[in-house]
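Q: sequence and predicted structure below; questions after.
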Amino acid sequence: MDRTSVFNVAALRQELILITINEIINSLEKRGYKAENQLVGYLLTGDPTYISNYEGAREKIKSLKREEILLALINSYEGK
């Protein structure tokens with residue numbers, strides 16, 4: 001096999017961020033929160049207490065940079 005494969009780290013990172021955000025959303029909804037409101041609060045303020053500790057959601061959100069989250073969400077919305 002003489003083909004060279006291209007590995008796109010940026011696309012892989014974006015996919016990981018989106019998967020993590022979906023896990024956080026699911027955890028928040030299980031606890032009865034309106035996930036969109038909680039995420040907006042976190043993204044605007046950087047205060048991780050907007051995100052529940054349930055299922056490790058707070059630790060997951062803290063492992064991501066807010067700028068990366070916003071960029072991944074915008075790129076996903078634009079279909080990139």
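A: Nice, thanks for sending it over.

Q: which residues of this structure score low on pLDDT?
A: Along the chain, segments meeting pLDDT under 70 span 1.

Q: isn't Pro48 up against Arg58?
A: Yes - Pro48 lies in contact with Arg58 (C-beta atoms under 8 Å); the separation is 5.3 Å. To be clear about C-beta, it is placed using only N, CA and C from the backbone, and glycine gets the same treatment.

Q: of those two, give the one with the bigger neighbour count.
A: Neighbour tally, Pro48 and Arg58, criterion other C-beta atoms under 10 Å: the higher count belongs to Arg58, 18 against 13.

Q: got the contact list for the nearest residue to the more buried one once chain neighbours are set aside?
A: Closest residue to Arg58 apart from its sequence neighbours, by C-beta to C-beta, 6 or more residues apart in numbering: Ile51 at 4.7 Å. With contact set as C-beta atoms under 8 Å, 6 or more residues apart in numbering, Ile51 has these partners: Ile24, Leu28, Gln38, Leu39, Tyr42, Ala57, Arg58, Ile61.

Q: excluding chain neighbours, what is closest to Lys34?
A: On the basis of C-beta to C-beta, 6+ apart, the spatially nearest residue to Lys34 that is not a chain neighbour turns out to be Leu28, at 7.9 Å.
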